[in-house]
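> need coordinates for the below:
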Amino acid sequence: MAPTPTAAPTTLATLRATNTVTPTATITPTPTWTPTIIPTVTPTPLPTATPTGTSTPIPVASARVITADSIVRSGPGLVFPKVGVVQPGQEYGIDGVNESGTWWRICCIDGDKKGWVRGDLLEITGPLNEVAVIAVPTPTPRPTATATPIPPTPTPGLLFYRGRGPEFRPTNNVIVTIWAKVYGGTGEGYPIPGWRMEVKREGSVVAVSEPSNSFFEKNAPADFDYGDLYNVKIEIPNPGVASWEFYIIDNDGVRRSPIAEFTTRPENPNREIWAAFLSAQ
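Residues are numbered from 1 along each chain as shown. Have a look, this model is predicted:
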């Protein structure tokens, strides 16, 4: 029998000595500073005051101008100087009245200027019993120099007489026609040229003619016997109801004849007038 093999001894590996690791000291971290956040304070709104009531405006005295170009004076009277002019529709406050209640002091004109206006030029409203009564002394008028009267310029004498007329004829024409004969000599005479006829209505001049001609015409067709001679003429449309005057003037507008008069109204058909003015020279 074969011998049993002997097991060879197992060689154990020799372990090397292991270095012992010295533990590293652990560094405890310093705590980081954390800022403390202060909360923002929200302001609490104050309560709104509740109005206790609606205020009523206090009425005041006032003046409204009712007359054009109403004069404002420095005092309550015509003797006081003028300080301004107010117009219709303008309104002002009142802060004074004179003792007789006929003048009122208003404010303000031209900025902050006060002045007095007659009561009949104003419409006054408001609590007038609260307006102060103001006594303003009347100024003593300054003596004025006595003017030396200037003698009036003598009016030139009349150079014409009323030879005839005025005479009137009815017509259906609404226009008033005035014929005048400006002449010299005797009988029918001869025409005098260069003189004008002026016409007034209710005292105001409304028409002046062309100069008188050096020849006569008839105020009717030549084949009519009733026509009168004339050498100056004026026509006036729409005469209405009025009083009239006409006369002869020279080149300077000075009246040199007597005045002839007539009236007009719709029911009066005598709207054709004729007159003759005879030279006095």
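
> list the contacts of the helix or strand where Tyr247 lies.
Taking DSSP states H and E as the criterion, Tyr247 maps to strand 242-249. The contact list for strand 242-249 (C-beta atoms under 8 Å, 6 or more residues apart in numbering) reads 160, 176, 178, 180, 182, 195-202, 208, 234, 255-264, 273, 275, 277. To be clear about C-beta, it is placed using only N, CA and C from the backbone, and glycine gets the same treatment.

> in that strand, which residues are buried?
Judged by neighbour count (16 or more other C-beta atoms under 10 Å), strand 242-249 contains these buried residues: 242, 244-249.

> tell me the confidence at Gly96?
We have a pLDDT of 93 for Gly96.

> give me the beta-bridge partners of it?
Arg105 (DSSP bridges).

> for it, the count of nearby residues, please.
Burial of Gly96 is recorded as 19 neighbouring residues (other C-beta atoms under 10 Å).

> check Arg162 too.
Neighbour count of Arg162, defined by other C-beta under 10 Å: 16.

> who touches it in this structure?
Arg162 sits next to 257-258, 260, 275-278 when contact means C-beta under 8 Å, 6+ apart.

> secondary structure class for it?
Here Arg162 is recorded as strand under DSSP: H, G, I helix; E, B strand; the rest coil.

> from Ala242, how far off is it?
22 Å (C-beta to C-beta, to the nearest Å).

> could you do Lys200 as well?
In this view, Lys200 and Ala242 are 10 Å apart by C-beta to C-beta.

> what's the answer for Leu229, then?
28 Å.

> what do you get for Pro127?
Counting by C-beta to C-beta, the gap from Pro127 to Ala242 is 51 Å.

> just the pLDDT at the most centrally placed residue in the chain, thanks.
Residue closest to the average C-alpha location in the chain (C-alpha atoms, centre = their mean): Gln87, at 6.8 Å. Per-residue pLDDT puts Gln87 at 91.

> repeat for Trp244
Confidence at Trp244, expressed as pLDDT, is 93.

> so how far is Arg201 from it?
For Trp244, the distance to Arg201 equals 6 Å [C-beta to C-beta].

> residues in contact with Asp112?
No residues are in contact with Asp112 under the rule C-beta under 8 Å, 6+ apart.
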